[in-house]
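Visitor: Please find the sequence and the predicted model below.
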Amino acid sequence: MRQKIGFIGLGLIGGSIARAIRQYFPDYEIVAFDKNKETLALATQESVIDVAATTIDDNFHHCSYIFLCAPVSFNTAFLKQAAKYLHEECILTDVGSVKTNIHREVEALGIEPYFIGGHPMAGSEKSGYVNSKAMLIENAYYVLTPGKGVSQKKIDRYVEFVQALRAIPVLLDYRQHDYVTGTISHLPHIIAASLVNFVRDTDTKEELMKNLAAGGFKDITRIASSSPTMWQHICLKNKEYISRILGEYVMELEKVKDLIDREDEQGIYHLFDNSRNYRNSIPAS
């Protein structure tokens, strides 16, 4: 029987996964729902999807996988609609960068045996299906967060599927996932956005800061061009961890301010030397 994959939401990540599936499994049937009709039309025209669903309907019967790829706060709402199309062999998953909220909703709905959270650690400051690429998830870490009720057989099958799409599967507890991504993904976006806003608010009338901003500023703030809606949802859904991490980071900034106020030459040197050494130890691929 021909494998069928369902997508609820077909933006940057959903579109990239769909393209990767089309590339490596050209015979699979792909059905997708998205609120943006132009997205569905383009994905159909490009033969990335076979069926464009205008609602979450019977087209989602008999799917091997159903991917929830809407913004994180919408994914939890779509759970109830997707639940009616689950069957014994189906794996329900998502691609959101916050996991605790959706796992709690899965538990409340009693659909744990079907759900494995997913988060491809890939992205771009650009959003939407038009910017999706099959290679976006290639060689990227793809975090899987299985709940307590899902079988090892399904976990193994999903791991193999991720590997077949040329991504690198990593298994994590969903709470650990939210703390880790809160630190290495959510915090940098908040820092980038707040730094850009700080420059905007303190710039001269002639906008000297804006016009003189060079490579270093642009490199560190590139991700501030990401979707504001997506990051609004992430901050609200991972509030507990982000608030804690921000508190710890503010304390770190206070330490740096103190080093400068005290003209602590050795401390300032170690600040930059330690960060350089740790940054250089991060794998390039």
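Guide: Perfect, I can see it now.
Visitor: And the helices in the stretch 101-250 of the chain?
Guide: Remark: helices assigned in the stretch 101-250 of the chain by DSSP state H, counting those that start in this stretch are 152-164, 174-181, 187-202, 208-212, 215-221, 228-237, 239-261.
Visitor: Just the buried positions in the second one, please.
Guide: Burial within helix 174-181, assessed by neighbour count using 16 or more other C-beta atoms under 10 Å, is assigned to 174, 177-179, 181. Bear in mind the C-beta positions are built from the backbone N, C-alpha and C, glycine included.
Visitor: I'd like a version of those in CSV, one that adds distance to Lys257 and pLDDT as further columns.
Guide: Below are the buried residues of helix 174-181 laid out as CSV (distance: C-beta to C-beta, whole Å; pLDDT from 0 to 100):
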residue, distance to Lys257, pLDDT
Tyr174, 35, 95
His177, 32, 96
Asp178, 29, 96
Tyr179, 26, 96
Thr181, 27, 94
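Visitor: neighbouring contacts of the helix or strand encompassing Phe272?
Guide: Counting by DSSP states H and E, the element that carries Phe272 is helix 265-281. Contacts of helix 265-281 with the rest of the structure, by C-beta atoms under 8 Å, 6 or more residues apart in numbering, involve 256, 259-260.
Visitor: Let me see the contact set for Asn59.
Guide: 6, 31, 33, 51, 53.
Visitor: Pro283 and Glu138: what is the separation?
Guide: According to C-beta to C-beta, to the nearest Å, Pro283 stands 16 Å off from Glu138.
Visitor: Those two: who's more crowded?
Guide: Glu138 (15 against 4; other C-beta atoms under 10 Å).
Visitor: nearest spatial neighbour of the more buried one, skipping sequence neighbours?
Guide: Arg166 (4.4 Å; C-beta to C-beta, 6 or more residues apart in numbering).
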